[in-house]
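In: Could you work out the structure for the sequence below:
(chains A and B)
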There are 2 protein chains.
Amino acid sequence: MSDAPEGTLPVPPATVAKLTAQEKFTLITERLSEVLGAEQLRALLDERDLTAYWGTAPTGRPHLGYFVPLSKLADFVTAGVEVKVLLADVHAFLDNLKAPIELVEARVDYYRRLIIAVFRSLNLPLDKLKFVVGSSYQYDAKYNLDKYKLAAITSEHDARKAGAEVVKQVSSPLLSGLLYPLLQALDEEYLGVDFQFGGVDQRKIFTYAEQYLPKIGYKKRSHLMNSMVPGLSGGKMSSSDPNSKIDFLDGPAAVKSKIGKAHCAPGEVEGNGVLAFIRHVVVPIGDLFQGQGRASARAWVHADAPSDAVFTVEGNPKFGGSVAHFRTVDELDAAYAAGQVHPGDLKTAAINAINALLAPIQAEFAASAEFQQAEARAYPPEVKQVKVKAKKAYTPKPEHLKTAEEKARDAAAAAADGAKGVVRTGLDEAEKLRAAVVDTLSA
Amino acid sequence: MSDAPEGTLPVPPATVAKLTAQEKFTLITERLSEVLGAEQLRALLDERDLTAYWGTAPTGRPHLGYFVPLSKLADFVTAGVEVKVLLADVHAFLDNLKAPIELVEARVDYYRRLIIAVFRSLNLPLDKLKFVVGSSYQYDAKYNLDKYKLAAITSEHDARKAGAEVVKQVSSPLLSGLLYPLLQALDEEYLGVDFQFGGVDQRKIFTYAEQYLPKIGYKKRSHLMNSMVPGLSGGKMSSSDPNSKIDFLDGPAAVKSKIGKAHCAPGEVEGNGVLAFIRHVVVPIGDLFQGQGRASARAWVHADAPSDAVFTVEGNPKFGGSVAHFRTVDELDAAYAAGQVHPGDLKTAAINAINALLAPIQAEFAASAEFQQAEARAYPPEVKQVKVKAKKAYTPKPEHLKTAEEKARDAAAAAADGAKGVVRTGLDEAEKLRAAVVDTLSA
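Out: Take a look at the predicted model:
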């Protein structure tokens, strides 16, 4: 277990001390799709602050989609929650058996540095963020005895059901997919947390954990789920669309180009990745800044906007557009649905917001030779192709370790296939593999 | 890893030194149902002696059925093979989650002492027998990484297929059943053996190991399989028949009573447990004794029999029977099929043979306070019922860890159910559980 490096913040948030238990509870549980075991958390908050677990497998390059869970982690930390980030190197290694273990270690390092940089950019206290590398306990005797115990009381049927939405459903599912729910349940105990946080697609894994941990003598944890957020490219299939991924290190020009090409049909709110990103990332971070007494840091709200505005869209005066301020994301969605906000103007506003979010992270990267070396070691250009081939040939990335964008993309792809009545054949799988390789190479 | 205690033998077998590589190969591979990778073993024998793996889970009381694999291990040891006996305590513990781990440890100790006693009774060199307790490596980081690796390349389908004949097929199979083939494959590497020995019912697990070990960089082992031997009670369903189990510690009166009640229809050779025991245990051990220059130790061959006789049946003169000597087990079977050997006479001969086999083992037990304490700790009468209930409620004993008798019994039961067209219902399962409990309590 390695702690985050010490960091002094320009604006140490004194927020937590001011919050009541009820206010903390509200902050922890707001903007979520579902909360299981809320009473338990509320009761604990009367006694002490909470600890949480969020996991990610350091495989591909982290991209903008990570802002979705990270902006929720910001809420947790602001409410005094100690957040344990599981850097699941064992899973990453298994995803990618042919990649040398050194590469996985380098990626663990890069992910850790990047998450810290994001936290710093949001003026969040780093002392509440604990990084735990999976291999630090997932090979231990006790953990493995517990895994055997769970395997001895879990039916194949229950394991498959638990992973149904999280483990990619392929024609020949791998045994590892059946084990993921067991591991994820045990992690809660071994990380010693009060609740686990993840996407609502993990609901069945979470209920598996609630049901089975007590059977081997461990306590049942609470589970907090955020809703699935479509990728920036929107809900359409985009496995070969490089615009669906904006890297944390993409400069303003790249962001402008990628968002410019993003799917964002006039008047369409459903599945609109740009609106979703504003709703789930930009505006909540704005609220966070406001709570930190730094309302002016919200680059996406004009300086002359009303004090209750959360987002500003500047219409192009060439086409008769004017500046519009929105007090809620619902207002923004409604205006977009009514055709009062032009897609191009929305994109321009989003581009500015994204660049504002990325700027401090990229500044930290530019200022740190170590950070740059970590990135170079994690993603050396020359091994990229080998890595991807090995990964795809061996096992699909487990759904729960995907970014929100990857999930939305796959869901949309599956829906599209379903609508067409396509029967998945070997050829179909091969086509997807090819597309995925192209995707990664051109991203 | 714990070695067998040092033991000096009254007749140190000098056999091995005298055997050629070809003779060793013949001894190792004879009396088997199938051998996979024979050429590999034959080639190795030109360079050095071999190492083998045979596994058993120390759960229920070991009984006479163990003589079947043990008499084949005798061949191996005689041919200079180092035999690693895996005492699978992890499996035993999982079979029986509610039994305290102390009980499993005590059973490991009792099994080890008993197997040593059997080896001593057969005048076999103990230095070729290595006991390895599963938990000594099955919780290790490296082993578990390898297990993850196998899980990441093994499909559910392949794992289920591998265990199809070995893992009990129940309506709601447990995940542990899918893992057993992976563990058993890895054991070959971690025990560092040239071949694994087991029943022919394990063929699919063995071929799984041959196929998958090389995929994670380990060498493919050879596999030796003995045929399935019906229990002493014969092929009929006997889950509530205590006669199907003769304990190693049963005295002559108990043996006489149990064999007396055994199913042994006149003229029926197929599924005849008494004939099978003579074929697979008594006569091979007789051959072993003869090879050791101790032909007279064969209590089942009359002193005045021809030198090539392997078994003697003494007909009851009251009914006109006379003494018959057989040169091969095929001759015995043929005579029995032709009605020339009376079941009662066959049983009497078998009872004498069994008592002769058990006598030295029981003498060692009677002379050793430690051995007696080990037995008492392993099977304390007061926890028997709790143990059985817990075991049945949690997970069925994996097929490959059952004795030959248990397997034959279950196979017969399944066949009987199939013939009756019985649909397995919850009630049916409950009935079996009840029967099993009664069985154990009355055994």
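In: Now do the contacts for residue A:208.
Out: By CB atoms under 8 Å, 6 or more residues apart in numbering or on different chains, the residues touching residue A:208 are A:158-159, A:161-162, A:181, A:185. (Glycine included, C-beta is placed from N, CA and C.)
In: Flag every buried residue along the biggest helix by length in chain A.
Out: The longest helix of chain A (DSSP state H) is helix A:343-367. Buried residues in helix A:343-367, counting neighbours by 16 or more other CB atoms under 10 Å in any protein chain shown, are found at A:343, A:345-358, A:360-362, A:364-365.
In: mind listing what's buried in whatever helix or strand comes next after it?
Out: Counting by DSSP states H and E, the next helix or strand C-terminal to helix A:343-367 is helix A:369-378. Neighbour counts over helix A:369-378 (16+ other CB under 10 Å) mark A:371, A:374-375, A:378 as buried.
In: Sketch out the low-pLDDT regions of chain A for me.
Out: Residues of chain A meeting the criterion pLDDT under 70: A:1-17, A:95-100, A:166-170, A:233-244, A:382-443.
In: Run through the residues of it sitting next to chain B.
Out: Contact residues, chain A versus chain B (CB under 8 Å from any CB of the partner chain): A:90, A:94-95, A:97, A:138-142, A:144-145, A:148-157, A:159-160, A:172-179, A:182, A:394-395.
In: let's see 6 Å
Out: Counting by CB under 6 Å from any CB of the partner chain, chain A comes close to chain B at A:94, A:139, A:141, A:144, A:148, A:151-152, A:154-156, A:159, A:172-176, A:179, A:395.
In: Just the buried subset of the residues you listed, written out for ChimeraX, thanks.
Out: Selection of buried members from the residues of chain A next to chain B for ChimeraX, criterion 16+ other CB under 10 Å:
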select /A:94,139,144,148,151,152,154,155,156,159,173,174,175,176,179,395
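In: Tell me which stretches of the stretch 1-150 of chain A form helices.
Out: A:15-18, A:21-29, A:38-45, A:67-78, A:89-94, A:101-121, A:141-153 (DSSP state H, counting those that start in this stretch).
In: tell me the most buried of those helices?
Out: Among the helices of the stretch 1-150 of chain A, helix A:89-94 has the highest mean neighbour count (mean count of other CB atoms under 10 Å in any protein chain shown), at a mean of 25.
In: still on that earlier bit, quick one: which two of the contacts of residue A:208 are the most distant?
Out: The largest distance within the contacts of residue A:208, taken as CB to CB, falls between A:161 and A:185 and amounts to 13.7 Å.
In: These two: which is more packed in?
Out: More crowded of residue A:161 and residue A:185, by other CB atoms under 10 Å in any protein chain shown: residue A:185, with 26 against 15.
In: Look up how far residue A:196 lies from the more buried one.
Out: Distance, residue A:185 to residue A:196, by CB to CB, to the nearest Å: 9 Å.
In: With residue A:377 instead?
Out: Separation of residue A:377 from residue A:196 (CB to CB): 30 Å.
In: Same check on residue A:266?
Out: Taking CB to CB as the measure, residue A:266 falls 39 Å from residue A:196.
In: These two: which has the busier surroundings?
Out: Legend: neighbour count by other CB under 10 Å for residue A:266 and residue A:196, higher for residue A:196 (27 against 12).
In: Let me know the secondary structure of that one.
Out: Here residue A:196 is recorded as strand under DSSP: H, G, I helix; E, B strand; the rest coil.
In: Fine by me, we can end here.
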